[in-house]
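Novice: from the sequence below, what's the structure:
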Amino acid sequence: MISIDSVLRVIPDFDSFMNVSELYGSSRALAAEFKDVVELVDYGDSRVNGFPVEALIIRGGEDRRVLAFAFPHPNEPVGSLTLEFLSRKLASDRELLKSLGATWIIVKVADVFGAKLNEGWFKGSFSLWKYALNYYRPPAYMQVEWSFPIEYKSFKWGKPVIETKALMKIIDEWRPTHIYSLHNSFFTGTYYYISRVLSEDVLKLFRDVPRRYNVPIHMGEAETPYMEKICDAVFRMPGLGEMYDWLEKYLGRDPSSLIEHGGSSYDYARRVNPEVFELVCEVPYIYDYRLSIDIPLGVPRRELLRISHKKDKMLFEDLEKDLDRISKYMSVDNPFYEALSYTRRAIKPQFEAEEKWIGATPELSESATVAQAFDTYLNSYIGYIFRYGLIYRAIQYEMAKGVSSKDLEEVQKLSLKKLENGISELNSLSNYYTIPIRHLVSIQLAAILLSLTRT
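Specialist: Numbers count the residues shown, from 1 in each chain. This is a model prediction of the structure:
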């Protein structure tokens, strides 16, 4: 059996994230250096000319076929460095490669277009200001991870984006036994999604490994209300079906017309190989110790969620007024405004369903913990900051093309002011710190190797 610790010990101290060109150059260099076991394969175009969706094929055995891809969402770069290290380690350490008995299909950049739009915050020291003004996350129907073809009840989606088509080609060709979609969260603890329940000793290690690196597991609220919790910080892999059923239950009507995206990589892969195992390891980038305090406050979760829900709606209604002022100046090719427009449509039925869920779910009568309260309260400000960053970038996009108006100038100044106020509020509430990238890569890689060698 391999020594996972010996692999983790040689992970370098990354001081920044690699941009897309650097990741592509590194893959080409690796394939040239280790021609006997590494092949670089073009699986299709991306939305950026000259940057196809490429996979490093590293052949180490036929027992397992492992697909690992980074940048499933373009503001989540940690996984690209996990795969940067892992690909070189596998190619250069033949004993490790052979002992794992797998052929690896490694895609360092799944969303090339989106990753390039985030590159402005990849280098140098981190600040919320720099992050927000260089942040981009596409609407769900343009997300590589959430545009796979799917049919569920009355819902049907058949519009995968071009990068998703490349991943579909990989899945169809290789019929992977394991898939690792390498996400990272922003302001949480570490948590996991798994497609099937693993042994208690593996689940314990999932929780223990982050603590080794001083990165607590997530003890706040689940990412969405329909997540099925297996144990602390471990959830069953969600798919589009779980979202559909939750919306149907709490809206009291068919939600098909409200869902504007497809299925996940797991939704698609299990059609190709029903036995596939998929794991998502969500590691944070910034953290506050209060997210790990599991002490009851004596206040029902329901009450805190109601307060947060009301505040979310108020903040979004304020943002809508600014969107109304700039909408007539926005072009159809503006990616930042497109993301905001989607959020505007999608969030209203989400608000409606959440309000009913908060009122109807018995377990929300339980006392909230410090972690849950802190997580619930901060999430409103984080969403607010990101959206005003997108408004600023949407206006910049049009101004760069020569569009000008008093509305654009005023809303641009206002967006910076509101962004400043949101960051100031968050800074006053939290003593957050940035987690060393090496620690995050170590946690993700440990999850990959633990689940691969014990499933």
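Novice: lowest average confidence, helix or strand, in the protein?
Specialist: strand 286-287 (a mean of 90; mean pLDDT, DSSP states H and E).
Novice: what's downstream of that strand, the next helix or strand?
Specialist: Under the assignment DSSP states H and E, the closest C-terminal helix or strand after strand 286-287 is strand 296-300.
Novice: contacts for that following strand, please.
Specialist: If you take CB atoms under 8 Å, 6 or more residues apart in numbering as the criterion, strand 296-300 is touched by 364, 365, 366, 367, 368, 369, 370, 373. Glycine gets a C-beta too; all of them are placed from N, C-alpha and C.
Novice: how close does residue 84 get to residue 19?
Specialist: Distance, residue 84 to residue 19, using CB to CB, to the nearest Å: 12 Å.
Novice: centre-most residue in the protein?
Specialist: The residue lying closest to the centre of the chain (CA atoms, centre = their mean) is residue 183, at 4.1 Å.
Novice: circling back: farthest-apart pair in the contacts of strand 296-300, please.
Specialist: Spatial extent of those (CB to CB) is set by the pair 365 and 370 at 18.0 Å.
Novice: more crowded one of the two?
Specialist: Set residue 365 next to residue 370 and count neighbours by other CB atoms under 10 Å: residue 370 wins out with 18 against 10.
Novice: excluding chain neighbours, what is closest to that one?
Specialist: Of all residues not flanking residue 370 in the chain, residue 293 sits nearest, at 3.8 Å (CB to CB, 6 or more residues apart in numbering).
Novice: I'd say the one you found and residue 189 touch.
Specialist: No: using CB atoms under 8 Å, residue 293 makes no contact with residue 189, being 10.8 Å away.
Novice: contacting residues for residue 346?
Specialist: Residue 346 neighbours (CB under 8 Å, 6+ apart): 140, 258, 260.
Novice: ok, of the residues you listed, which come out buried?
Specialist: For the contacts of residue 346, a burial check counting by 16 or more other CB atoms under 10 Å picks out 140, 258.
Novice: picking that back up, shared neighbours of residue 293 and residue 189, which are they?
Specialist: Here residue 293 and residue 189 have 219, 371 as joint contacts, going by CB under 8 Å, 6+ apart.
Novice: when these two are compared, which one has more neighbours?
Specialist: Neighbours were counted for residue 293 and for residue 189 using other CB under 10 Å; residue 189 has more, 25 against 17.
Novice: verify the contact between that one and residue 210 for me.
Specialist: Yes: if you go by CB under 8 Å, residue 189 and residue 210 touch, sitting 7.3 Å apart.
Novice: so what would you say the end-to-end distance of stretch 149-167 is?
Specialist: 12 Å (CA to CA, to the nearest Å).
Novice: I figured residue 371 was touching residue 292, is that so?
Specialist: Yes: when contacts are counted by CB under 8 Å, residue 371 is listed as touching residue 292 (6.2 Å).
Novice: which one's more surrounded, the two?
Specialist: Shown here are residue 371 and residue 292; by other CB under 10 Å, residue 371 has more neighbours (25 against 19).
Novice: pull the contacting residues for the more buried one.
Specialist: Here residue 371 is in contact with 189, 219, 220, 290, 291, 292, 293, 294 (criterion: CB under 8 Å, 6+ apart).
Novice: ok, 7 Å please
Specialist: 219, 220, 290, 291, 292, 293, 294 (CB atoms under 7 Å, 6 or more residues apart in numbering).
Novice: excluding covalently adjacent residues, which one is nearest to the first one?
Specialist: Spelled out, it's residue 219. The shortest distance from residue 219 to any non-neighbouring residue, by CB to CB, 6+ apart, is to residue 371 (3.9 Å).
Novice: can you tell me the element that neighbour falls in?
Specialist: According to DSSP H and E, residue 371 maps onto helix 370-399.
Novice: any idea which helix or strand comes after that helix?
Specialist: Next in sequence after helix 370-399, counting helices and strands by DSSP H and E, comes helix 406-429.
Novice: which SS state does residue 159 fall under?
Specialist: Judged by DSSP: H, G, I helix; E, B strand; the rest coil, the three-state class of residue 159 is coil.
Novice: show me the contacts for it.
Specialist: Residues near residue 159 by CB under 7 Å, 6+ apart: 141, 147, 262.
Novice: any idea how far it lies from residue 48?
Specialist: Computed as CB to CB, the residue 159 to residue 48 distance reads 20 Å.
Novice: with residue 302 instead?
Specialist: Applying CB to CB to residue 302 and residue 48 gives a distance of 46 Å.
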